[in-house]
Each structure stands twice: as structure tokens, then as C-alpha cells.
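Participant: Here you go, sequence then predicted model.
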Amino acid sequence: MQDLSSANIFSLLGLGGAPAGVKQMLAGRMITLLEKRVLIRVLDILPPAHQEVLLSLLDSGSEEDRTLFLQQHVPLIQKIIEDEVTKLKHESQQFGNRFAAAGAV
């Protein structure tokens with residue numbers, strides 16, 4: 001997979017010139033998707049007791065409590081987040097390429 005760490009996701013999608021409102025709406029949806037992907041990966045590596053604590057914190061804990069829990073119990077959280085962002089960018093690039101190719105036909 002190519003290094004997409006500094007790539008603009010809207011450019012990868014072929015939407016670099018899209019209106020700000022469209023970009024804002026898409027950014028919100030992408031953040032929600034990333035949060036879900038990260039949560040699934042975190043739940044997969046946590047033991048059941050810690051899963052329950054995390055789910056409780058997500059339901060009623062503060063942002064600070066959630067961050068502290070993740071730092072203590074998921075030492076690779078930053079790597080997980082980076083991996084998921086890279087995957088989303090790669091998928092966006094593939095979609096953008098397919099979309100551009102379909103438009104060229």
C-alpha cells in the first residue's frame with residue numbers, strides 16, 4: 001500500500017473542488033466510520049471485562065475518562081487509529097480511481 005499519510009482524502013476521492021458544505025458533511029461521515037472501525041479493533045483486543053468498562057465509558061463517561069482508559073488498556077491505540085485512517089485513504093483512492101475511470105468511458 002502506498003504512503004498516503006499526507007494525502008488529502010477529498011483529493012483521493014476526486015472531490016478536491018467540491019463545495020465546503022459537501023466536504024464538511026463527508027468529513028463527519030468519515031469520522032463516524034473511523035470511530036466505528038477503531039472501536040471494533042479495540043473491542044477485539046480487550047478482554048470481556050475491559051470491553052464492558054469501555055462500552056460503559058462510551059455511553060456515559062467523559063472524553064477524558066475514555067482517553068485515559070484507552071491509554072492504559074490499549075497501548076497501541078495511536079497505531080490503530082493511524083492504520084484505520086490509512087485504510088480509509090486507500091479505499092478512497094481506489095474509489096476515486098474507479099469513479100474517474102467510469103467518467104472517462
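Facilitator: Perfect, I can see it now.

Participant: Just give the closest residue to residue 99, not the sequence neighbours.
Facilitator: Closest residue to residue 99 apart from its sequence neighbours, by Cβ to Cβ, 6 or more residues apart in numbering: residue 14 at 5.5 Å. For glycine as for every other residue, the C-beta is placed from the backbone atoms N, C-alpha and C.

Participant: List the residues that contact that neighbour.
Facilitator: Going by Cβ atoms under 8 Å, 6 or more residues apart in numbering, residue 14 touches 96, 99, 100.

Participant: Leaving out sequence neighbours, find the closest residue to the residue nearest in space to the middle of the chain.
Facilitator: With distances taken as Cα atoms, centre = their mean, residue 34 lies nearest the centre of the chain, 2.3 Å away. Spatial nearest neighbour of residue 34, excluding adjacent residues (Cβ to Cβ, 6+ apart): residue 84 at 5.5 Å.

Participant: Residue 66 too?
Facilitator: Take residue 66 and drop its neighbours on the chain: the residue closest to it by Cβ to Cβ, 6+ apart is residue 57, 4.9 Å away.

Participant: Next up, identify which helix or strand that neighbour is on.
Facilitator: Using DSSP states H and E, residue 57 maps to helix 48-60.

Participant: so the helix or strand encompassing residue 26 versus helix 48-60, what angle?
Facilitator: Counting by DSSP H and E, the element that carries residue 26 is helix 20-45. Using axes from the mean of the first three to the mean of the last three Cα atoms, to 10 degrees, the direction of helix 20-45 lies 150 degrees away from that of helix 48-60.
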